[in-house]
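**Q** Can you look at this prediction? I've put the sequence above it.
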Amino acid sequence: MLDRFAIGLFALSLAACSQEAAQPQELPAEPLPTPAEMPGPDEGVYPSMMQSSISIIGAEGSEIGTGNLIGGPNGLLIRVEIAPGGLTPGWHGLHLHAVGDCSDVGTFKLSGGHVGKVEGGHGLLNPKGPEGGDIPNIWAAADGSAGYEAFTTLTKMSDLQDEDGSALLIHEGEDDAMTQPIGGAGARVACGVIK
């Protein structure tokens with residue numbers, strides 16, 4: 001009889017504990033502000049707007065275009081302009097690389113791997129990724145010129161302006177957003193150090 005009583009008492013105490021655990025946590029006295037209530041440019045409050053300019057060189061070592069990066073509170077705005085004749089027409093993979101070195105003109109291997117490299121995680125469509133350096137492809141027109149603007153939340157300016165800097169790389173072909181390690185984009189044909 002005592003055993004049944006002890007088991008019943010134990011079951012009751014477990015039920016009481018589980019009831020306590022299921023109670024919602026108490027909310028703060030004042031609710032968090034909505035985005036509309038947050039201060040912004042109208043009130044003189046701006047994001048850090050860290051900027052970086054890029055001179056993009058081609059496989060021959062001459063400048064073929066420029067880039068500009070602006071750091072915002074939720075990511076990074078990237079703008080690239082390539083002059084006529086700078087690229088072959090069509091799609092090209094575009095990535096952010098971990099080392100700010102384009103001195104090995106023609107191969108650009110000194111720029112290292114992608115920012116935020118994840119083994120087996122390359123590609124914007126990859127369930128194991130994406131990596132911080134993955135950004136959408138760039139399209140070059142029939143005359144080899146290109147204009148590009150994209151926003152990424154995968155990395156931030158402080159990640160790019162670390163001790164060894166970083167680089168923006170353009171590949172000879174398009175990145176399929178899945179294939180390892182660079183989406184099948186082929187050789188590196190242009191490079192720009194992010195300053």
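**A** Received it, and whenever you're ready, just let me know what you need. Numbering: from 1, shown residues only.
**Q** where do the strands sit along this structure?
**A** 51-58, 63-72, 75-82, 90-92, 94-97, 138-140, 146-152, 166-171, 188-194 (DSSP state E).
**Q** Turn the ones you listed into JSON lines, including mean pLDDT.
**A** Listed next are the strands of the chain as JSON lines, based on pLDDT from 0 to 100:
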{"stretch": "strand 51-58", "mean pLDDT": "93"}
{"stretch": "strand 63-72", "mean pLDDT": "93"}
{"stretch": "strand 75-82", "mean pLDDT": "94"}
{"stretch": "strand 90-92", "mean pLDDT": "97"}
{"stretch": "strand 94-97", "mean pLDDT": "96"}
{"stretch": "strand 138-140", "mean pLDDT": "97"}
{"stretch": "strand 146-152", "mean pLDDT": "95"}
{"stretch": "strand 166-171", "mean pLDDT": "96"}
{"stretch": "strand 188-194", "mean pLDDT": "96"}
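**Q** nearest to Thr34, of these?
**A** Of all the strands of the chain, it is strand 63-72 that lies closest to Thr34, at 19.4 Å by Cβ to Cβ. To be clear about C-beta, it is placed using only N, CA and C from the backbone, and glycine gets the same treatment.
**Q** Ile57 and Val80: what is the separation?
**A** 13 Å (Cβ to Cβ, to the nearest Å).
**Q** And stretch 73-88, what's buried?
**A** Gly75, Leu76, Leu77, Ile78, Val80, Glu81, Ile82, Ala83, Gly86, Leu87 (16 or more other Cβ atoms under 10 Å).
**Q** Turn the residues you listed into CSV, columns for distance to Gln51.
**A** Formatted as CSV, the buried residues of stretch 73-88 follow (distance: Cβ to Cβ, whole Å):
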residue, distance to Gln51
Gly75, 14
Leu76, 11
Leu77, 10
Ile78, 12
Val80, 14
Glu81, 15
Ile82, 20
Ala83, 21
Gly86, 22
Leu87, 24
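**Q** Report the two of those separated the most.
**A** Gly75 and Ala83 (27.2 Å).
**Q** Setting aside sequence neighbours, what's the nearest residue to the most centrally placed residue in the chain?
**A** Residue closest to the average C-alpha location in the chain (Cα atoms, centre = their mean): Leu154, at 2.4 Å. The shortest distance from Leu154 to any non-neighbouring residue, by Cβ to Cβ, 6 or more residues apart in numbering, is to Gly132 (4.7 Å).
**Q** and that neighbour, what does it touch?
**A** Leu96, His114, Val115, Gly116, Leu154, Thr155, Asp159 (Cβ atoms under 8 Å, 6 or more residues apart in numbering).
**Q** which one of the residues you listed is nearest Gly186?
**A** His114 (15.2 Å).
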